[in-house]
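Peer 1: Pasting the sequence and the predicted coordinates here, then a few questions.
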Amino acid sequence: MEPYIQSNEIIKKAMESFKLPKYVTVFDTTLRDGEQTPGVSLTPDEKLEIAINLNKIGVDVIEAGFPVSSAGEQEAIKKITSLGMDSEICGLARAVKKDIDVAVDCGVDSIHTFIATSPLHRKYKLKMDKEEIINRAVEAVEYIKDHGLKVEFSAEDATRTELDYLVEVYKNVVDAGADRINVPDTVGVMVPNAMYYLIKELKKEIKVPISVHCHNDFGLAVANSVAAVEGGAEQIHCTVNGLGERAGNAALEEAIMTLKMVYGIENRIKTEKLTELSNLVSKLTGIKTQPNKAIVGENSFAHESGIHAHGVLAHALTYEPIAPEIVGQKRKIILGKHTGAHAIKAKLKELGIEVGEKVSEEQFAEIVARIKALGDKGKMITDMDVVAIVEDVTKRTLKSERIVDLEQIAVMTGNKVIPTASVVLKIRNEIHMTSEIGVGPVDAALKAICSIIGEKIKLKEYHINAITGGTDALAEVVVKLEGYGKEVTAKAANEDIVRASVEAVIDGINKIVE
């Protein structure tokens with residue numbers, strides 16, 4: 001499958017100065033930081049279902065939760081660890097022995113332990129000096145290693161910590177046995193250049209893999225994660241759909257696709273399952289994914305603009321950076337007021353309707369006009385709408401062949417106003433007009449038509465259906481007429497119920513008298 005993306009000269013030149021890793025480990029924290037999204041609370045079985053799918057998709061490390069936080073959390077983590085997954089299962093623990101003991105008891109493969117290091121946290125939260133924090137961190141790492149587990153150590157609020165002190169903390173925990181160190185941008189205050197600089201400086205001093213955990217308070221979590229990799233980070237923390245505290249974390253799908261498709265950096269992720277995973281997490285958390293969400297959003301590969309739709313149909317690379325199938329998506333041509341004839345023709349073909357065979361060029365022009373008219377009214381046009389319009393246009397007798405045609409209609413209705421319809425018909429090039437009242441505007445309009453046509457043609461049945469939901473739905477009217485020894489059925493579709501009713505009856509009349 002052609003990936004589509006092409007590195008241009010600008011990207012190539014920019015990458016020459018980076019020492020990029022060949023592989024980046026994906027540490028998913030959907031079940032821990034993602035569950036800390038306000039309003040999200042997963043049951044043990046729901047966490048297990050997400051973990052199974054994270055494992056299937058190829059995540060390297062699954063942070064299954066914060067074991068000490070509740071009995072339910074421990075139950076969920078034990079269920080996850082009992083399955084013997086390929087992914088490394090990690091539990092979060094403060095640099096406190098009780099937290100570590102509970103995590104160990106859950107059977108995790110590794111423990112992610114942390115303590116805050118910034119001046120703000122030292123003074124206002126921990127009320128500890130620099131030396132005390134280092135001692136606590138070292139003791140926690142040593143205690144975990146004594147239990148034979150891997151250790152990832154985080155200096156909470158690392159990006160607001162003095163660089164010299166941050167290096168000192170990390171060097172001490174590495175000496176104590178930490179397998180990985182993590183750099184959390186706890187309140188999302190970094191910018192890409194600063195993150196690149198920080199990781200590059202840490203790489204000079206730290207010889208174990210460096211990870212980053214970026215928050216999205218300024219919308220830069222993915223950009224900062226990518227910048228960290230440019231600086232030499234070998235692991236990134238992510239969450240599915242960018243869930244997490246406040247504005248969330250770096251989105252798994254955005255970060256890994258950027259690294260893979262733009263930078264050419266490998267990972268284990270089965271990208272074709274990304275949209276399926278996104279939908280599952282959205283369903284279980286109750287957090288709806290925004291339509292314009294990158295990679296997995298409903299509109300990620302949707303095109304309405306005539307220029308864009310025409311371009312992407314000619315060659316996908318014109319308006320798509322990657323093939324939608326790579327992330328489990330499909331291209332969508334959305335019809336609306338901006339849509340051009342090429343896109344509408346492609347949509348008809350997708351629906352099995354070939355212009356030139358089932359649809360004449362004259363009919364196609366009317367179909368295009370009808371679709372654009374609906375779009376101008378702010379309606380989202382569905383496939384069902386398109387089918388209804390095509391059927392309406394193609395099954396009606398062409399105006400040039402009609403004996404009876406509608407020239408004009410006007411209806412009046414309202415509070416304390418008797419519904420009245422005025423109709424002008426052309427019958428064999430002669431103009432006939434009349435007005436009638438009825439129980440409603442449709443009834444009045446049909447009575448006016450029948451009064452012109454005469455009693456020899458009668459309306460036997462009348463049905464109306466809404467093609468799609470909403471107040472702007474297309475109305476499909478089906479009528480059965482009888483006259484001159486014939487019985488015919490005709491239908492029409494229009495967002496105006498009166499108009500649809502009149503068009504159906506006129507079409508039926510023409511079928512009888514032709």
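Peer 2: Done, it's in. Numbers count the residues shown, from 1 in each chain.

Peer 1: Show me where this structure dips below the pLDDT cut-off.
Peer 2: In the predicted model of the chain, residues 1-7, 303-319, 378-380, 395-401, 466-473 satisfy pLDDT under 70.

Peer 1: Next, name the residue at the spatial heart of it.
Peer 2: For the chain, the residue nearest the mean C-alpha position is Gly297 (1.6 Å; Cα atoms, centre = their mean).

Peer 1: quick one: the closest residue to that residue other than its chain neighbours from Ala71, how far?
Peer 2: In this structure, Gly297 finds its nearest non-sequential neighbour in Pro291, 5.4 Å apart by Cβ to Cβ, 6 or more residues apart in numbering. (Each C-beta comes from the backbone N, C-alpha and C, glycine too.) Taking Cβ to Cβ, to the nearest Å as the measure, Pro291 falls 38 Å from Ala71.

Peer 1: can you check Ala221 too?
Peer 2: Taking Cβ to Cβ, one finds Ala221 at 32 Å from Ala71.

Peer 1: Looking at the two now, which is surrounded by more residues?
Peer 2: Ala221 (30 against 9; other Cβ atoms under 10 Å).

Peer 1: quick one, phi psi at the more buried one?
Peer 2: Main-chain dihedrals, Ala221, degrees, to the nearest 10: phi -60, psi -50.

Peer 1: How about the contacts made by the residue nearest to the centre of the chain?
Peer 2: 289-291 (Cβ atoms under 8 Å, 6 or more residues apart in numbering).

Peer 1: ok, Lys332 touching Phe301?
Peer 2: Yes. In this structure, Lys332 is within contact of Phe301 by Cβ atoms under 8 Å, at 6.3 Å.

Peer 1: Mind putting the contacts of Gly297 into CSV with neighbour count?
Peer 2: Listed next are the contacts of Gly297 as CSV, based on neighbours: other Cβ atoms under 10 Å:
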residue, neighbour count
Thr289, 19
Gln290, 12
Pro291, 10
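
Peer 1: what's the closest of the residues you listed to Glu320?
Peer 2: Nearest to Glu320, judged by Cβ to Cβ, of those is Pro291 at 16.7 Å.

Peer 1: can I assume the closest one is in contact with Asn299?
Peer 2: Yes. Between Pro291 and Asn299 a contact is recorded at 4.5 Å, counting by Cβ under 8 Å.

Peer 1: re the thing from before, Lys332 and Phe301: which has the busier surroundings?
Peer 2: Phe301 (23 against 17).

Peer 1: The chain - how does it break down into domains?
Peer 2: 20-285, 302-395, 399-513 (automatic domain parsing).

Peer 1: Out of the ones you listed, which is the most enclosed?
Peer 2: domain 20-285 (a mean of 20; mean count of other Cβ atoms under 10 Å).

Peer 1: As a check, name the ranges of all strands in the stretch 51-200 of the chain.
Peer 2: In the stretch 51-200 of the chain, the strands defined using DSSP state E, counting those that start in this stretch lie at 61-65, 88-94, 110-116, 150-156, 180-185.

Peer 1: need those strands in CSV with distance to Thr382, can you?
Peer 2: CSV is the format used below for these (distance: least, Cβ to Cβ, whole Å):
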stretch, distance to Thr382
strand 61-65, 38
strand 88-94, 43
strand 110-116, 46
strand 150-156, 48
strand 180-185, 42
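
Peer 1: Of all those strands, which one comes closest to Glu325?
Peer 2: So among the strands of the stretch 51-200 of the chain, strand 61-65 is nearest, using Cβ to Cβ, at 25.9 Å.

Peer 1: ok, back up a step: Met261 is nearest to which of the strands of the stretch 51-200 of the chain?
Peer 2: Nearest to Met261, of the strands of the stretch 51-200 of the chain and by Cβ to Cβ, is strand 61-65 at 22.0 Å.

Peer 1: Report the distance from the closest one to the chain centre.
Peer 2: Counting by Cα atoms, centre = their mean, to the nearest Å, strand 61-65 is centred 24 Å from the centre of its parent chain.

Peer 1: Okay, angle between that strand and strand 150-156 too, please.
Peer 2: Per axes from the mean of the first three to the mean of the last three Cα atoms, to 10 degrees, the angle that strand 61-65 makes with strand 150-156 is 70 degrees.

Peer 1: Please identify which of the strands of the stretch 51-200 of the chain is closest to Leu351.
Peer 2: Here strand 61-65 is closest among the strands of the stretch 51-200 of the chain (Cβ to Cβ), at 42.0 Å.

Peer 1: Val104 reaches Ile111, doesn't it?
Peer 2: Yes. Using Cβ under 8 Å, Val104 is in contact with Ile111, at 7.4 Å.

Peer 1: shared neighbours, those two?
Peer 2: The contact sets of Val104 and Ile111 overlap at 144, 149 (Cβ under 8 Å, 6+ apart).

Peer 1: Helices of the stretch 251-400 of the chain, residue ranges please.
Peer 2: 252-257, 274-285, 306-314, 341-350, 361-376, 383-395 (DSSP state H, counting those that start in this stretch).

Peer 1: any chance of the ones you listed in JSON lines, with distance to Met195 too?
Peer 2: Compiled in JSON lines, these are given as follows (distance: least, Cβ to Cβ, whole Å):
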{"stretch": "helix 252-257", "distance to Met195": "13"}
{"stretch": "helix 274-285", "distance to Met195": "24"}
{"stretch": "helix 306-314", "distance to Met195": "33"}
{"stretch": "helix 341-350", "distance to Met195": "41"}
{"stretch": "helix 361-376", "distance to Met195": "43"}
{"stretch": "helix 383-395", "distance to Met195": "45"}
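
Peer 1: Which one, of those, ends up nearest to Gly508?
Peer 2: Using Cβ to Cβ, the nearest of the helices of the stretch 251-400 of the chain to Gly508 is helix 383-395, at 10.9 Å.

Peer 1: Now do the helix or strand harbouring Val478: which elements does it pack against?
Peer 2: Using DSSP states H and E, Val478 maps to strand 475-483. Under the contact criterion of 3 or more Cβ pairs under 8 Å, 6 or more residues apart in numbering; DSSP states H and E, strand 475-483 touches strand 457-466, strand 486-494, helix 497-513.

Peer 1: quick one: strands adjacent to it?
Peer 2: Counting by DSSP bridges, the strands paired with strand 475-483 are strand 457-466 (antiparallel), strand 486-494 (antiparallel).

Peer 1: Including distance to Asp164, could those strands go into TSV?
Peer 2: Formatted as TSV, the strands paired with strand 475-483 follow (distance: least, Cβ to Cβ, whole Å):
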stretch	distance to Asp164
strand 457-466	69
strand 486-494	73
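
Peer 1: So which of the ones you listed is nearest Lys511?
Peer 2: Nearest of those (Cβ to Cβ): strand 486-494, 4.3 Å.

Peer 1: Taking helix 497-513 as reference, get the angle to the closest one.
Peer 2: Going by the same axes, to 10 degrees, strand 486-494 makes 150 degrees with helix 497-513.

Peer 1: Next, the angle helix 361-376 makes with strand 486-494.
Peer 2: Going by the same axes, to 10 degrees, strand 486-494 makes 50 degrees with helix 361-376.

Peer 1: Let me see the residues that make contact with strand 486-494.
Peer 2: 388-389, 391-392, 395-396, 460, 467, 474-481, 499-501, 503-505, 507-508, 511-512.

Peer 1: coming back round to it: for the residue nearest to Gly297, give its distance to Ser300.
Peer 2: 9 Å.

Peer 1: same thing with Lys347?
Peer 2: Going from Lys347 to Ser300 by Cβ to Cβ gives 18 Å.

Peer 1: cool, Leu198 as well?
Peer 2: Note on Leu198: its distance to Ser300, by Cβ to Cβ, is 31 Å.

Peer 1: Thanks a lot, catch you later.
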